[in-house]
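1. Structure for the following, please:
(2 chains)
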Amino acid sequence: MDEKTKMLLDAQEHPEQFTDEALRQMQDNPEIRALMEATALGKRALMKQQPEASHEAIDAAWQDFETKHFPKTTKVLTLQKVAASFIGLLFISSITFATIYIVRNHRSNVGEGFESPIQETRISNPHQQTMPVDTTVTISPVVFDNVPLDSILPQIARHYSYTVSFRSDKSKPLRLFLTWNPQDSIQKVTDKLNLFEQIHIVLYERTMIVE
Amino acid sequence: MDKQTIEQLFRQNYAQMLSLAQSLLYDEEESRDVVSEVFASLLKPTMLIPTNIEGYLMTCVRNRCLDLLEHKDVRARFEKAYTQTFDEQVTPDEDEELLNDLMTFMQRELKPQTLQVFKMRHLDSLTYQEIADRMGISRVMVYKHLSQATEQLKGYISKQR
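-> Got it, this is the predicted structure:
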């Protein structure tokens, strides 16, 4: 038996009998490396003949994956949101009620010729100051799911009153999974897009130039 | 990527991906983790996916396995006959073709007993003594069969390159 082959077989069976250095030296030896590669490829060829995962095994694997990555928190979240909204409504209603009551009371007191007690009007004011009415419209993020770049960019550019210019057709068909928040600045969105290795966008004179 | 798309890809490609991972890692649990990690990476919102997603998934599995192998200590690599000499330029298709050819070669050229010993050692992870006991041969004969198989494989692979 070839000495190197014997050494490899020994090292595979009892690696604990060899020092790390000895094993490393064996691995660096081109002949032993070739034998290792042959063994590994032979093993891989045998493994490939093994039956593939059954439907049941795939089902089980998917359920594991689903539990781990798609936790069923939707209902809880929805309930929490409903509860939060309800509490919010109660809070606002009580403020409104208090305000109406105070204003009516104040008016009736004025009508009757009394001086209104100053401390009563102060009750609703602090709330009104700390809870300004939000008149802005919340814009939800847009998710581009496997959409080509030449469909995504015009939509983004239009939002910021920019135009798009592709210097070449190479990047046009690149398909992206991108979450775009229209409330972000165009610079921020461009920076995010430039994180993709294949994409380089420059902003110049209200144009998104794709290099 | 939405859940429905991921589930569809998972069901279509899981078996093939697991098989590839197992052929590189020889460890079922580790292989399942690799496949799961690859699918988890699709959940990233800014993930850039090429059009040929099946090919992409297989390449991801292969790269992750190679990365894992690279971080195994030298003792673990020897114990399991891991190698770091994978040619990273080889595409998954070429790799599959090589493995198919190699299997054909093993079935045709190795003596049935030699192939059996090789399988017991590398598929069933039996020790040399356990193989000797099961086959009713000496430990020295187990060595000889393994040595013969390894050298024949090495000869075949060097001719292919």
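2. going forward, measure contacts between C-alpha atoms and count neighbours the same way
-> Noted.
3. Model confidence for the residue nearest in space to the middle of chain B, exactly?
-> Most central in chain B under C-alpha atoms, centre = their mean is residue B:23, positioned 1.7 Å from the mean C-alpha point. In this model, residue B:23 is scored at 78, pLDDT.
4. do the same with residue B:85
-> Reading off the confidence values, residue B:85 has pLDDT 52.
5. Kindly report the same for the one 10 residues further on.
-> Listed pLDDT for residue B:95 reads 74.
6. In CSV, please show the C-alpha coordinates belonging to the helix or strand encompassing it.
-> Using DSSP states H and E, residue B:95 maps to helix B:92-109. This file holds the C-alpha atoms of helix B:92-109, laid out as CSV (Å, rounded to 0.1, in the frame of the first residue of the first chain):
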residue,chain,number,x,y,z
PRO,B,92,-23.2,23.6,-10.3
ASP,B,93,-24.0,22.0,-13.7
GLU,B,94,-20.4,21.0,-14.4
ASP,B,95,-20.1,19.8,-10.8
GLU,B,96,-23.2,17.6,-11.2
GLU,B,97,-21.9,16.2,-14.5
LEU,B,98,-18.5,15.3,-12.8
LEU,B,99,-20.3,13.5,-9.9
ASN,B,100,-22.5,11.5,-12.3
ASP,B,101,-19.5,10.5,-14.4
LEU,B,102,-17.6,9.5,-11.2
MET,B,103,-20.5,7.4,-10.0
THR,B,104,-20.6,5.6,-13.3
PHE,B,105,-16.9,5.0,-13.1
MET,B,106,-17.1,3.7,-9.5
GLN,B,107,-19.9,1.3,-10.4
ARG,B,108,-18.1,0.1,-13.5
GLU,B,109,-14.5,0.0,-12.4
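7. Report the buried residues of it.
-> B:95, B:96, B:98, B:99, B:100, B:102, B:103, B:106 (16 or more other C-alpha atoms under 10 Å in any protein chain shown).
8. before we move on, the earlier item: the residue nearest to the centre of chain B contacts residue A:42, correct?
-> No - Residue B:23 is not in contact with residue A:42 according to C-alpha atoms under 8 Å; the separation is 10.0 Å.
9. mind listing what the closest residue to residue B:118 other than its chain neighbours touches?
-> Setting aside the residues directly before and after it, residue B:118 is nearest to residue B:146 in space (C-alpha to C-alpha, 6 or more residues apart in numbering or on different chains), at 5.9 Å. Shown in contact with residue B:146 (C-alpha atoms under 8 Å, 6 or more residues apart in numbering or on different chains): A:9, B:114, B:117, B:118.
10. buried ones in the strand or helix carrying residue B:146?
-> When elements are assigned from DSSP H and E, residue B:146 belongs to helix B:139-160. Going by neighbour count (16+ other C-alpha under 10 Å), the buried part of helix B:139-160 is B:139, B:142-154, B:156-157.
11. ok so, going back, what's the ChimeraX line that selects buried ones from the contacts of residue B:146?
-> Buried residues within the contacts of residue B:146, by 16+ other C-alpha under 10 Å, are selected in ChimeraX with:
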select /A:9 /B:114,117,118
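12. For residue A:31, state which of the contacts of residue B:146 is nearest.
-> Proximity of the contacts of residue B:146 to residue A:31 (C-alpha to C-alpha) peaks at residue A:9, which lies at 13.4 Å.
13. ok, the closest one touching residue B:142?
-> No - contact criterion C-alpha under 8 Å: residue A:9 and residue B:142 do not qualify, at 10.4 Å.
14. which residues of chain B score low on pLDDT?
-> The model of chain B has pLDDT under 70 over residues B:46-47, B:79-92.
15. Residue A:176 looks like it's in a strand, true?
-> Yes - assessed with DSSP: H, G, I helix; E, B strand; the rest coil, residue A:176 lies in a strand.
16. Beta-bridge partners for it, please?
-> On the basis of DSSP bridges, residue A:176 is bridged to residue A:147, residue B:48.
17. which of the residues in stretch A:3-10 are buried?
-> Neighbour-count burial for stretch A:3-10 [16+ other C-alpha under 10 Å]: A:5, A:8, A:9, A:10.
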